[in-house]
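> For reference, the sequence and a predicted model appear below.
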Amino acid sequence: MPGIKQRWTVHFTGRVQGVGSRASTEHLAAGFAVTGYVRNLPDGRVELVAEGTDDELRALVREIQARLGQYIRQQTQTSDAASGEWDEFSIRY
């Protein structure tokens, strides 16, 4: 629903660590009205947890795919209600 904030959790699989995925995602997220984080997972995936409107989240993920698509083999996504717990978008270590 437009205007309603959601939380998307997206897991990117492939050769996504060690290629600047987190920094690129943080840079891209700055151009959208989203909050949350991106981090590397021990199993080799990159996790994006972002809150914003459907349009903003969809556009961010589309930009990530455009920038990093050659490294992404698979992507899974879940959606939930936004919690409003973040004030910004950052990299988690």
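Nice, thanks for sending it over.
> show me where this protein has helices.
21-29, 54-68 (DSSP state H).
> would you turn those into TSV with mean neighbour count and mean pLDDT?
The C-beta positions use only the backbone N, C-alpha and C, and glycine is treated the same way. Formatted as TSV, the helices of the chain follow (neighbours: other Cβ atoms under 10 Å; pLDDT from 0 to 100):
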stretch	mean neighbour count	mean pLDDT
helix 21-29	19	98
helix 54-68	17	97
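> Tell me which of those helices approaches residue 91 most closely.
helix 21-29 (4.7 Å; Cβ to Cβ).
> Serialize the helices of the chain to CSV and add fields for distance to residue 9.
Below are those laid out as CSV (distance: least, Cβ to Cβ, whole Å):
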stretch, distance to residue 9
helix 21-29, 13
helix 54-68, 11
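> need the contact list for the nearest residue to residue 54 once chain neighbours are set aside.
Nearest non-adjacent residue to residue 54, counting by Cβ to Cβ, 6 or more residues apart in numbering: residue 6, 6.1 Å away. Residues near residue 6 by Cβ atoms under 8 Å, 6 or more residues apart in numbering: 51, 52, 53, 54, 57, 79, 80, 81, 82.
> surely the fifth one meets residue 63?
Right, the one you point to is residue 57. No. Between residue 57 and residue 63 there is no contact under Cβ atoms under 8 Å: 10.9 Å.
> that older thread, partner residues bridging the residue nearest to residue 54?
residue 52, residue 81 (DSSP bridges).
> Okay, it and residue 33: tell me how far apart.
12 Å (Cβ to Cβ, to the nearest Å).
> Give the intersection of the neighbour lists for those two.
Common neighbours of residue 6 and residue 33 (Cβ under 8 Å, 6+ apart) are 52, 53.
> Distance of the one residue sitting closest to the centre of the chain relative to residue 66?
Closest to where the C-alpha atoms of the chain average out (Cα atoms, centre = their mean) is residue 48, at 3.4 Å. As judged by Cβ to Cβ, residue 48 and residue 66 stand 15 Å apart.
> One more: residue 16?
Here residue 16 is placed at a distance of 15 Å from residue 66 (Cβ to Cβ).
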